[in-house]
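1. pasting the sequence and the predicted model now:
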Amino acid sequence: MTEGIFDSIPNDVLKICQRLRDEGQRGWVVGGCVRDLLRGAPAKDWDIATDAEPKRVQKLFRKVIPTGIKHGTVTVLMSGTPYEVTTLRGEGAYEDGRRPTSVVFLQDITEDLARRDFTFNAIALDPLDRQIIDPFGGERDLRDRRLRAVGDPHARFCEDGLRILRAARFAATLECEVDPATLLAMGAPEPLATLAKVSAERIHDEWLKTMRATRPSIAFDLMQTRGVMTIIAPELAALADAPAWTRGLRAMDDLGGAVRRLAALLAGLGAESAEGLLERLKFSNDHRKAITMAIAHHDVDPSLEGPDLRRWLQSVTAAHLDDAVAVACALSDDRDPIDALGARARAELEAAVPLTTKDLAITGKDLMTELSLKPGPQLGVLLKGLLEACIEDPSTNTRARLLERARREAR
């Protein structure tokens with residue numbers, strides 16, 4: 001599993017560690033990049049831990065940004081690429097359930113690894129000596145697909161409530177089993193109380209990261225069964241025993257992309273309730289719009305044709321049609337009729353059928369000129385009437401036919 005991992009470490013990382021060693025200090029590669037290397041996955045975001053204090057690091061490199069110097073982190077720029085270099089540290093109490101009230105700088109890499117969340121995140125590489133430092137068995141857990149907290153899982157989750165969501169995310173993205181003691185601690189009262197202190201923005205970020213998993217349902221099922229939803233999304237907690245929940249979990253795994261997956265998960269809430277949850281979790285306006293449109297239109301009669309199909313298409317809009325159809329298919333036990341509906345709807349779009357007054361062959365200005373009308377409510381009513389006529393019969397959408405109809409209706 002470890003064969004060749006040291007050959008994958010970027011040359012700039014080696015240069016940073018060598019510079020530290022030349023000055024009597026040490027540097028280790030840590031974090032998610034180590035986990036990825038050991039899995040044989042592409043590594044990114046190379047992080048370095050060092051026994052040099054931040055001010056010392058600043059003096060050793062030409063281009064340094066003090067990004068988090070209070071907590072021991074500076075960013076070293078090498079060939080234009082940023083690398084976070086963080087001093088080994090121990091941490092004080094986590095009074096806010098997210099960050100320690102104080103840090104103390106250390107000299108021992110093992111003590112630094114002991115403060116991390118899960119064993120496969122508590123591994124360090126010495127890239128110069130080509131050694132793996134793995135005091136908590138993280139490499140074995142990674143190989144066995146087991147998620148296990150470092151030390152006492154109850155204490156780890158009480159320190160930082162976000163770790164509960166991270167556990168669920170890693171269980172999905174790495175498709176691993178959660179160690180029984182860690183699983184028990186995820187749903188314990190004190191850790192859940194700490195989770196309640198975590199900001200909506202952090203929850204939002206974790207949900208989006210979870211959506212990148214092949215089977216995000218693993219994470220959301222864990223959140224439901226461990227009582228996490230009761231804290232962060234009580235609307236979803238209320239669906240726990242409803243068929244809509246099971247159907248949503250299944251559908252989200254069949255779909256791709258955060259919008260469609262979230263729409264499938266939240267479909268049982270309905271568009272209005274889903275909108276409230278997404279707003280509370282700080283999702284962007286674009287995300288909320290796309291997700292709620294897919295939810296509002298997924299429960300569609302697949303036999304729609306002609307004017308009824310065009311009215312539905314008016315409501316769902318061309319921009320959200322594909323999402324709505326994909327979500328409807330994933331949630332349905334019979335996707336063929338819905339696929340056929342989607343094909344008919346796309347054919348209407350390809351035929352450029354008018355769906356808004358802007359699509360009409362004439363404008364309000366044309367009506368004012370030809371019919372001697374003045375701006376006002378009558379003009380809007382007239383345009384809407386012409387659009388409805390085109391919805392019934394798209395061949396009506398010519399300048400001559402619309403003017404003829406407008407003259408009749410304006411009398």
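-> Cool, got the structure. Everything numeric in this text was worked out from a predicted model, so none of it was measured. Numbering: from 1, shown residues only.
2. quick one, strands of the stretch 151-300 of the chain?
-> 177-178 (DSSP state E, counting those that start in this stretch).
3. ok now do the spatially most central residue of the chain, which residues does it touch?
-> Central residue of the chain (C-alpha atoms, centre = their mean): Leu208, 1.0 Å from the mean position. Going by C-beta atoms under 8 Å, 6 or more residues apart in numbering, Leu208 touches Ala258. Yep, even glycine has a C-beta here, placed from its N, CA and C like the rest.
4. for Val259, see how far away it is.
-> The gap separating Leu208 from Val259 is 11 Å, by C-beta to C-beta, to the nearest Å.
5. again with Leu77
-> Looking at Leu77 against Val259, where the rule is C-beta to C-beta, the gap reads 35 Å.
6. those two - which one has more neighbours?
-> Val259 (22 against 14; other C-beta atoms under 10 Å).
7. wait, Arg130 touches Gly4, no?
-> No - counting by C-beta atoms under 8 Å, Arg130 stays clear of Gly4, with 10.7 Å between them.
8. the two - which one has more neighbours?
-> Arg130 (12 against 8).
9. excluding its backbone neighbours, what's nearest Ala328?
-> His298 (4.2 Å; C-beta to C-beta, 6 or more residues apart in numbering).
10. I should have written Gly342 there, sorry.
-> Per C-beta to C-beta, 6+ apart, closest to Gly342 is Val325, 3.8 Å.
11. helix/strand/coil for the one you found?
-> Look at Val325: counting by DSSP: H, G, I helix; E, B strand; the rest coil, its state is helix.
12. contacting residues around it?
-> Counting by C-beta under 8 Å, 6+ apart, Val325 has contacts Ile338, Asp339, Leu341, Gly342, Ala345.
13. pretty sure the last one belongs to a helix, no?
-> Yes - in this structure, Ala345 lies within a helix as judged by three-state DSSP.
14. pLDDT value on it, please?
-> What the model reports for Ala345 is a pLDDT of 97.
15. which residues does it contact?
-> Leu309, Trp312, Leu313, Leu321, Val325.
16. apply 10 Å and report the result again.
-> Val300, Leu304, Leu309, Arg310, Trp312, Leu313, Val316, Ala318, Leu321, Asp322, Ala324, Val325 (C-beta atoms under 10 Å, 6 or more residues apart in numbering).
17. for the first one, same thing?
-> When the contact criterion is C-beta under 10 Å, 6+ apart, the partners of Ile338 are 298, 300-302, 324-332.
18. Glu159 contacts Leu195, correct?
-> No - contact criterion C-beta atoms under 10 Å: Glu159 and Leu195 do not qualify, at 11.6 Å.
19. the more surrounded of the two?
-> Legend: neighbour count by other C-beta under 10 Å for Glu159 and Leu195, higher for Leu195 (24 against 21).
20. may I have the phi/psi pair for Met78?
-> phi -130, psi 120 (degrees, to the nearest 10).
21. and it, what pLDDT?
-> 93.
22. assumed Gln378 was part of a helix.
-> Yes - assessed with three-state DSSP, Gln378 lies in a helix.
23. show me the contacts for it.
-> Gln378 neighbours (C-beta under 10 Å, 6+ apart): Leu367, Leu371, Glu409, Ala410.
24. packing partners for the helix or strand encompassing the third one?
-> Right, the one you point to is Glu409. If you go by DSSP states H and E, Glu409 is part of helix 399-410. If you count contacts as 3 or more C-beta pairs under 10 Å, 6 or more residues apart in numbering; DSSP states H and E, helix 399-410 packs onto helix 364-371, helix 377-392.
25. show me the contacts of Val325 that map onto helices.
-> Ile338, Asp339, Leu341, Gly342, Ala345 (DSSP state H).
26. how about those residues in CSV, adding distance to Asn397?
-> CSV is the format used below for the ones in helices among the contacts of Val325 (distance: C-beta to C-beta, whole Å):
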residue, distance to Asn397
Ile338, 28
Asp339, 28
Leu341, 23
Gly342, 23
Ala345, 18
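27. show me the shaky parts of the stretch 201-350 of the chain.
-> Scanning the stretch 201-350 of the chain for pLDDT under 70 picks out nothing.
28. can you show me the helices along it?
-> 217-225, 228-232, 234-237, 243-254, 258-266, 271-280, 285-297, 306-316, 318-331, 336-350 (DSSP state H, counting those that start in this stretch).
29. deepest of these, which one?
-> Of all these, helix 258-266 carries the top mean neighbour count, a mean of 26, counting by mean count of other C-beta atoms under 10 Å.
30. phi and psi next, for Lys44.
-> Dihedral angles for Lys44 - degrees, to the nearest 10 - are phi -150, psi 170.
31. who's in contact with the nearest residue to it once chain neighbours are set aside?
-> In space, and not counting its chain neighbours, Lys44 is closest to Cys33: 6.6 Å by C-beta to C-beta, 6+ apart. For Cys33, the contact set (C-beta under 10 Å, 6+ apart) comprises 8-10, 13, 41-48, 125.
32. could you flag which of these are buried?
-> Ile9, Pro10, Val13, Ala43, Trp46, Asp47, Ile48, Leu125 (16 or more other C-beta atoms under 10 Å).
33. list the contacts for the second one?
-> Contact analysis of Pro10 by C-beta under 10 Å, 6+ apart lists Ile16, Val29, Cys33, Ala43, Trp46, Met78, Ser79, Thr81, Tyr83, Pro127.
34. who's in contact with the last one?
-> Contacts for Pro127 were tallied using C-beta under 10 Å, 6+ apart; they are 5-6, 9-10, 13-14, 16-18, 27-29, 48.
35. quick one on the thing from earlier: how near is the residue nearest to the centre of the chain to Met368?
-> 48 Å.
36. how about Gly151?
-> 77 Å.
37. again with Leu386
-> From Leu386 to Met368 the distance is 14 Å (C-beta to C-beta).
38. which one of those two is surrounded by more residues?
-> Taking neighbours as other C-beta under 10 Å, Leu386 and Met368 compare with Leu386 leading, 24 against 14.
39. neighbours around Glu370, how many?
-> For Glu370, the neighbour count with other C-beta under 10 Å is 15.
40. so it touches Arg405, yeah?
-> No - here Glu370 does not reach Arg405: they are 12.0 Å apart, not a contact under C-beta under 10 Å.
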